[in-house]
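Trainee: Sequence and computational prediction follow.
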Amino acid sequence: ETGVTQTPRHLVMGMTNKKSLKCEQHLGHNAMYWYKQSAKKPLELMFVYNFKEQTENNSVPSRFSPECPNSSHLFLHLHTLQPEDSALYLCASSQDRLAMSGEQFFGPGTRLTVL
Amino acid sequence: GNSVTQMEGPVTLSEEAFLTINCTYTATGYPSLFWYVQYPGEGLQLLLKATKADDKGSNKGFEATYRKETTSFHLEKGSVQVSDSAVYFCALISGGSNYKLTFGKGTLLTVNP
C-alpha cells in the first residue's frame, strides 16, 4: 500500500450504533488530520495530531472520538451519531503540523450515512 | 480569521475550451496559496501552489498567479480535457491561522467531449 488509505470506504449506521473509521499513512509523516466534507460547504477540519499528540480539536461534538496510537495510524470512533453527521470523512497527513508548504496527502475518504 | 472565496459551480465546458476559476482570499500574515483537485471517488491532491506575491504555480497545464494587490489566486488552463473533470479547491495557509489549511467550498468542473 502507498499513500494514505482509509477503511471502510462506505459505512451505513444507525443512530445507536458504534463504529470506527481507520486511516493509515505509508509516507513517514508526523502529522495526521480528520476532515469532514459536506455538500456545498468548505472542508471542515476536525482534529489534528502531531507526533501522536492531539493539537487541535475544532469544537467537534464528543460523539466523535479520535485516537492516534502511532504516527502511521489514526482512528475516528463514532457513537450515537445524528443524520446531519452524514458526510465524507477524509483523513490526511503531512510531514509535520507546522509545514508552511501546505501539502497534505489525502486518503479517498469514508462515505458515512447515518440513518 | 482567514477565508477563501471561490466561484460557485458547476462549470461546464467543452473539450479544448479555456478555463478560469476565480479565487480570492482574506488572511492574516503572509499566506501561501494552493489549488487542490479532487477527482471522482478520490481524496484531494495538491495541484499547484505559490508561496509569495507574484509567484506563479503551474502543473499539468494549469496555472495560478499569487496577486497580493487583488488578494486573488485564479486558476487557469488554456485547453481543458475530459480528464480534467473534478472538483477544484482553493486554499491557503498562514502562521496567523496556526498553520491550518483554509479551503474554499470547491468548484465542480465538468468537461464534455
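Mentor: Ah, there it is.
Trainee: ok, and the closest non-adjacent residue to the closest residue to chain A within chain B?
Mentor: Residue of chain B nearest chain A, by C-beta to the nearest C-beta: residue B:43 (3.1 Å). C-beta coordinates here come from the backbone N, C-alpha and C atoms, glycine included. With C-beta to C-beta, 6 or more residues apart in numbering or on different chains as the measure, residue A:106 is the residue that lies nearest to residue B:43, at 3.1 Å, once sequence neighbours are left out.
Trainee: I'd assumed residue B:44 was in contact with that neighbour.
Mentor: Yes: the pair residue A:106 and residue B:44 passes the contact test of C-beta atoms under 8 Å, sitting 4.4 Å apart.
Trainee: So between these two, which is more surrounded?
Mentor: Applying other C-beta atoms under 10 Å in any protein chain shown to residue A:106 and residue B:44 shows that residue B:44 carries more neighbours, namely 29 against 23.
Trainee: what's across from that one in the sheet?
Mentor: Beta-bridge partners for residue B:44, by DSSP bridges, are residue B:38.
Trainee: Let's see the pLDDT reported for residue 19.
Mentor: Went with chain A since none was named. Predicted confidence (pLDDT) for residue A:19: 95.
Trainee: if you could check chain B rather than the one you did, that'd help
Mentor: Here, the pLDDT recorded for residue B:19 equals 97.
Trainee: Now the nearest residue to it once chain neighbours are set aside: phi and psi?
Mentor: Residue nearest to residue B:19 in three dimensions, not counting chain neighbours: residue B:77, with 4.4 Å by C-beta to C-beta, 6+ apart. Dihedral pair for residue B:77: phi -150, psi 140, per degrees, to the nearest 10.
Trainee: Could you do residue B:81 as well?
Mentor: Dihedral angles of residue B:81 (phi, psi; degrees, to the nearest 10) stand at phi -120, psi 160.
Trainee: Run me through the strand neighbours of the helix or strand of chain B with the lowest mean pLDDT, direction for each.
Mentor: Within chain B, no helix or strand scores below strand B:102-103, which has a mean of 90 by mean pLDDT, DSSP states H and E. The strands beside strand B:102-103 in its sheet (DSSP bridges) come out as strand B:86-93 (antiparallel).
Trainee: can you count the residues close to residue B:56?
Mentor: Using other C-beta under 10 Å, residue B:56 is surrounded by 10 other residues.
Trainee: which one is it nearest to, not counting chain neighbours?
Mentor: Nearest one to residue B:56, counting by C-beta to C-beta, 6+ apart, is residue B:65 at 4.7 Å.
Trainee: The one you found: what's it in contact with?
Mentor: Neighbour list for residue B:65: B:50, B:54, B:55, B:56, B:57, B:73, B:74 [criterion: C-beta atoms under 8 Å, 6 or more residues apart in numbering or on different chains].
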